[in-house]
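Student: what would the 3D arrangement of this be:
(one chain, ligands or ions: 1)
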Amino acid sequence: MEIVPQVSMDNFMYLSPKIMGLILNKECHDKASNDTYRQYLEKQRICKGENPFSNTEWKKTFGFSSKVFETVTNPDKEDVTAIFCLLSYMITTVHRDDSRDCNELLMKLREVKDWRNKAFHNLQAVTSKQNFEGLRAALVELIDEAGSFYSLSHVEMDGIKQEVNNDIAKLEAPDTESIYYWCSRLMVCGKEAVRLLWEARLSSEMLTLNNDTIKVKRRDVFHSLDVKVRAGADGKAFSYIKVFEAQEEIIVITGVAGAGKTTLVKNIVLQFFQPQQGSVDYLSSFDQLIFFECRDRTTEKLSDVIKQHFGDLCHELGGQDNVLDALLSLHVLFLIDGFDEVNDVSMKVVTEIVKMTWRLNCRVLITTRPHAVQEKLSPLLSRNDISSTLYEIMPITKLADQLAFLRRYEAYLGGGSPAGGMTKCFESLSEDVRSQFSEPINLLHYCEMYKHFPEAIASWQTPGDVAPTKLILYKKLVRTKLSDSLEDIDVLIKNMFAAVGAEALDLLSDDALIFSQEELLAIKERCKVTMRGNEKSDSAAVLSVVLREHRPLAGHESVSYSFKHKSEQEMFAGNYILQRILGGRPDSLSSILGVPKEGLTRLREVLLYVLQALSRDSPRHFQRRWPELKEALRHAGVTAADAVRDCVTRCPDHAGTVAELAALVKDGDWHVYNGSLREVLLYVLQALSRDSPRHFQRRWPELKEALRHAGVTAADAVRDCVTRCPDHAGTVAELAALVEDGDWHVYNGHHVEAVTEMLHQTKPRHLMVVIDVFALRGVPWRELVTGAEGVEIALTLRPDDYEPHDNFLLPLQNSGVKLVHFSGCVGTQAGVVAIASAARDARLSIRMAALLDLGTLRGKYRELFVYTRPLPHRGRASLARPLPVSPLPYLYVEGAEAGSWKAVASTITAFAPSGKRFGRLRLLDCKLRAEELPLLLQEVQGCGVRTAGGAVGTGGGNDTRAVAVGKEGVVWLHITDKLPSGGTSGAQ
Ligand SMILES: Nc1ncnc2c1ncn2[C@@H]1O[C@H](COP(=O)(O)OP(=O)(O)OP(=O)(O)O)[C@@H](O)[C@H]1O
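Tutor: Numbers count the residues shown, from 1 in each chain. Below you'll find the predicted structure:
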């Protein structure tokens, strides 16, 4: 195959857009030379009486190029894709003219565009003579077609063709000033240079999974993360690769500490060079990639970053500036990692990149912890009028996903550990404990802890047990580096940790995550701990465990260092502060932190560590320090709803206290991703309602949505929610409208209040009230009953004594409720009438505080249990209050004293229904003497009283008899037509 010299490609890179640009000029022949393309198109619309473009429509139509066409006035520097997009829109939409056939022209334009793009992506494939001639022919054909489409004169056509030939004639003399020369140089050697720079650095990661660190291949352990649009209303999660579908110039991916932001970006770099087999090549539209870490404190300008990436090319004559210019014409993906770690120096680089995005064919992806968005990133973007789409990395909350993540790492554990042991052990943890491992960093720590302390894991009972194990792990790792002969090794390690922690804090306060060799020496010196005998221990042991070395990007730079992970630096700093507080000295928190309040945002994670550890390990210190901590957290910016939520989650034992932070919450959505956070949300709700009604009202719509997602959809959960917010019960009761089917329950006065409010929203089929009447005083019981019109109510009033509950029964009358169950004490006829008015096929269990006529209950019940104390014996003069006949009532006479058999007999006969038959007849708490029972039986049998059927399990067949059953004082009376034989018998 004959190869065209590489330099010749430059001319083709240049020729295609040049010819297409000429055609664009023909199409827009009436455009004023200083009009931008947007202005021109708007004018065309106005002429046709159409509305101007909305911004969204504009963006949709021109996508990547929308910004460019808002500012440029000619096609000279534009890329073929952009020109094609504009031209085809003009031809087919703006200047649409059905009398001219544009298909052929569009086809020829597309051919030239595709050829050029193909060349950019795969120069090797197009540098053959054959392909080279193919492009020449395509260009000539395009010129011919344009000639006939626009009716160009022969002279004009010949002029263009001559220009093409002249350009081609220059093939052997490449123009090193030409941007196309540099573009093609970048395409051929630039990508390779970037690959060499990053692939080796990023393709693996060191883990302390064994006594020695082991290297894992990033690709092998990478767990594909899901993200969701932060402002997204539907809250749907999707694969991270879809972030590139965003319309906006800048893609921002947020994630909490250890959520996997850096790892995600590093994987994107790797996938750029080696797309994963079998998956969509979502990076194929990018020609180049630049990776920048915001923690970098030495790279001052974008041109320096470019130099790091394309070293050799930049060193060629005129290279550095031309490479940057050329990059601007290519599709470049800028990856900016860890914006929350940005410092004064790296901010300059980021600003340079951001400022360019408006005119570049580039995308910028920025990762950051969430707090920096509001504080630093949004202001930067809005200052530069750049729009962005904000995503957040979803936590790994499903057990199946957590196990899948762990399995990949487990494969690396190898020797010693039984296969599957690590995942099995994880599965055996309680859900509460497992919820601690929803970020990759924590899952990774789990692997490390499992490897070193399987026994410690087995003892984890609560989420709070996890964090201390991490520190113990570090102690163990340091111990392996120290000589066994050292005395007081534990004290020594503790002191070393304190020294390292103080240093970690100091560095964080200065926003320093990377430090130089000289700084390391100074740190080493300061971390030397004095042992007994004034001898100084070597700090190298601890530093070698906690620090990581970074090889320089360019040969002349020197080695630098950082903690293994920022979260570990924060843990050591936090542990140091904790020790200072627990040490009992009265130093104020701000003097321990040693940072002015403006700098506290840098210490946010550290403060959270301290908060959690104090809450877990020393409630006394927690309480004492809470006001200071609260203040510090406020200055540290823990004022977004999700941050407060996470803060509360960390302190289950002080959730109510920590939820006070909710009163400081600024605007924004509230998110709930797992059930365990429901409690947190409830605390927040309660605290806002109590402490800041203004914020409560403002936040209610979001809270309501979050509570719904958190599963507060069962009636009792909603009721409890309402109960927590007495001042906003009416509002919170709106949740009732979402309640799923099921019974509602009322157990106390608060519930009465809550359910009364809920009934304004919706009604259940069935409401169960089991309540002590003392709790009903002063609560809106009548309102509840009124609100429950049409609802089936099961009402149990306590205590089970003979104090009448009539006050609470009267509201039932004409209320429209359906009383399907009642148990309680009635003292007046009005009470009976109220029950009768509401009862429907009910199960009634009535304690009679007075001699009442229950005849009105006829037809209202399914079962009637009547409890009474013995009425005073009045001989034949006793008043009759016959119970309804059917269904047969059950009578229980309670508390008969010894010698009172006559009173019992007259009580039974007084209540005997007209047919004298009871369903059951029983004595409870009966102290009658044994010899009184035959007398009682004789008396009531003689009066014609009978009980239904045979009493199961009491023996005695069809005899009239009294049977003592189970508990002392319980006697069943079985009365038949047969005369009693005497005494009692025991139950079997
Ligand atoms: N998607 C993933 N798959 C496998 N392991 C991961 C993944 N994401 C992160 N990890 C592991 O977790 C560790 C911490 O993740 P990473 O440093 O990416 O988090 P981060 O969000 O950038 O944290 P920070 O905000 O503290 O900088 C990584 O070193 C890596 O070992």
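
Student: show me which residues of the stretch 251-400 of the chain sit near the ligand.
Tutor: Contacts of the stretch 251-400 of the chain with the ligand, taken as C-beta under 6 Å from any ligand atom, map to 255, 257-263, 338, 369. (Glycine included, C-beta is placed from N, CA and C.)

Student: again, but for the stretch 401-550 of the chain
Tutor: Neighbours of the ligand within the stretch 401-550 of the chain, by C-beta under 6 Å from any ligand atom: 440-441, 444.

Student: which of those residues sits closest to Leu608?
Tutor: Ranked by distance to Leu608 (C-beta to C-beta), these are led by Ile441 at 14.1 Å.

Student: the closest residue to that closest one other than its chain neighbours: what secondary structure?
Tutor: In this structure, Ile441 finds its nearest non-sequential neighbour in Gly258, 2.6 Å apart by C-beta to C-beta, 6 or more residues apart in numbering. Counting by DSSP: H, G, I helix; E, B strand; the rest coil, the backbone at Gly258 sits in coil.

Student: looks like Gly258 contacts Glu568 (just checking).
Tutor: No. If you go by C-beta atoms under 8 Å, Gly258 and Glu568 don't touch, sitting 9.7 Å apart.

Student: return the backbone torsion pair for the residue of the stretch 851-988 of the chain found nearest the ligand.
Tutor: Using C-beta to the nearest ligand atom, the single residue of the stretch 851-988 of the chain nearest to the ligand is Arg862, 61.9 Å away. With angles defined as degrees, to the nearest 10, Arg862 sits at phi -100, psi -40.

Student: so it sits against Arg840, correct?
Tutor: No. Applying C-beta under 8 Å, one finds Arg862 not in contact with Arg840, separated by 9.4 Å.

Student: wait, what's in contact with whichever residue of the chain sits closest to the ligand?
Tutor: In the chain, the residue that lies nearest the ligand is Gly260 (2.7 Å; C-beta to the nearest ligand atom). Gly260 sits next to 223, 225, 393, 439-441 when contact means C-beta atoms under 8 Å, 6 or more residues apart in numbering.

Student: cool, Glu939 as well?
Tutor: Applying C-beta under 8 Å, 6+ apart, one finds that Glu939 lies in contact with 901-902, 905.

Student: mind putting these in TSV, secondary structure included?
Tutor: Listed next are the contacts of Glu939 as TSV, based on three-state DSSP:
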residue	secondary structure
Trp901	helix
Lys902	helix
Ala905	helix
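
Student: same list, these, but as JSON lines with pLDDT, distance to the ligand and neighbour count please.
Tutor: Formatted as JSON lines, the contacts of Glu939 follow (pLDDT from 0 to 100; distance: C-beta to the nearest ligand atom, whole Å; neighbours: other C-beta atoms under 10 Å):
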{"residue": "Trp901", "pLDDT": "93", "distance to the ligand": "83", "neighbour count": "26"}
{"residue": "Lys902", "pLDDT": "92", "distance to the ligand": "86", "neighbour count": "18"}
{"residue": "Ala905", "pLDDT": "93", "distance to the ligand": "83", "neighbour count": "25"}
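
Student: just give me the closest of these to Leu857.
Tutor: Within these, distances to Leu857 taken as C-beta to C-beta reach their minimum at Ala905, with 24.0 Å.

Student: now that closest one. Nearest residue, chain neighbours left out?
Tutor: Leaving aside its sequence neighbours, Ala905 sits nearest to Glu939 (C-beta to C-beta, 6+ apart; 4.0 Å).

Student: okay, that neighbour and Cys183: tell me how far apart.
Tutor: 117 Å (C-beta to C-beta, to the nearest Å).

Student: could you do Thr298 as well?
Tutor: On the measure of C-beta to C-beta, Thr298 and Cys183 end up 29 Å apart.

Student: how is the chain partitioned into domains?
Tutor: Domain ranges of the chain: 8-175, 183-393, 399-461, 465-638, per automatic domain parsing.

Student: which of those domains comes out lowest on mean pLDDT?
Tutor: Least confidently modelled of the domains of the chain is domain 8-175, at a mean of 79 by mean pLDDT.

Student: correct me if wrong, but Gly899 is in a strand.
Tutor: No. Using three-state DSSP, the assignment for Gly899 is coil, not a strand.

Student: is it in contact with Arg929, as I believe?
Tutor: Yes. With contact defined as C-beta under 8 Å, Gly899 reaches Arg929; the gap is 7.3 Å.

Student: show me the strands in the stretch 601-750 of the chain, by range?
Tutor: With DSSP state E, counting those that start in this stretch as the criterion, the stretch 601-750 of the chain has strands at 744-746.

Student: list, one by one, the residues from it near the ligand.
Tutor: Proximity of the stretch 601-750 of the chain to the ligand (C-beta under 6 Å from any ligand atom) involves no residue at all.

Student: quick one: low-confidence parts of the stretch 601-750 of the chain?
Tutor: For the stretch 601-750 of the chain, the stretches flagged by pLDDT under 70 are 664-677.

Student: return the list of helices and strands in contact with the one helix or strand Val345 maps to.
Tutor: According to DSSP states H and E, Val345 maps onto helix 344-356. Here helix 344-356 touches strand 288-293, helix 302-309, strand 331-337, strand 361-368, helix 378-383, going by 3 or more C-beta pairs under 8 Å, 6 or more residues apart in numbering; DSSP states H and E.

Student: mean neighbour count added to those, as JSON lines?
Tutor: Formatted as JSON lines, these follow (neighbours: other C-beta atoms under 10 Å):
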{"stretch": "strand 288-293", "mean neighbour count": "21"}
{"stretch": "helix 302-309", "mean neighbour count": "20"}
{"stretch": "strand 331-337", "mean neighbour count": "22"}
{"stretch": "strand 361-368", "mean neighbour count": "24"}
{"stretch": "helix 378-383", "mean neighbour count": "14"}
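
Student: can you pull out the helices in the stretch 51-200 of the chain?
Tutor: Under the criterion DSSP state H, counting those that start in this stretch, the stretch 51-200 of the chain contains helices at 55-62, 66-71, 80-89, 103-121, 123-126, 129-149, 154-169, 179-185, 191-202.

Student: quick one, which of these is packed in tightest?
Tutor: Each of the helices of the stretch 51-200 of the chain was scored by mean neighbour count; the highest is helix 179-185, a mean of 24, by mean count of other C-beta atoms under 10 Å.

Student: so how far is that helix off the chain centroid?
Tutor: The chain centre lies 46 Å from the centre of helix 179-185; the measure is C-alpha atoms, centre = their mean, to the nearest Å.

Student: check which helices and strands it is in contact with.
Tutor: Contacts defined by 3+ C-beta pairs under 8 Å, 6+ apart place helix 179-185 against helix 8-27, helix 319-329.

Student: can we see that at 10 Å?
Tutor: helix 8-27, helix 103-121, helix 311-315, helix 319-329 (3 or more C-beta pairs under 10 Å, 6 or more residues apart in numbering; DSSP states H and E).

Student: contacting residues around the residue nearest to Glu660 when sequence neighbours are not counted?
Tutor: The shortest distance from Glu660 to any non-neighbouring residue, by C-beta to C-beta, 6+ apart, is to Ala687 (5.5 Å). With contact set as C-beta atoms under 10 Å, 6 or more residues apart in numbering, Ala687 has these partners: 644, 648, 655-663, 665, 695-696, 724-725.

Student: list buried residues within the residues you listed.
Tutor: 644, 648, 655, 657-663, 665, 695-696, 724-725 (16 or more other C-beta atoms under 10 Å).

Student: quick revisit: can you tell me the closest non-neighbouring residue to the residue of the stretch 851-988 of the chain closest to the ligand?
Tutor: Per C-beta to C-beta, 6+ apart, closest to Arg862 is Asp841, 5.1 Å.

Student: likewise for Asn958?
Tutor: Thr976 (5.2 Å).

Student: looks to me like the one you found is in a helix.
Tutor: No. Under three-state DSSP, Thr976 sits outside any helix and is assigned coil.

Student: touching, it and Arg946? I think so.
Tutor: Yes. Between Thr976 and Arg946 there is a contact under C-beta atoms under 10 Å: 6.5 Å.
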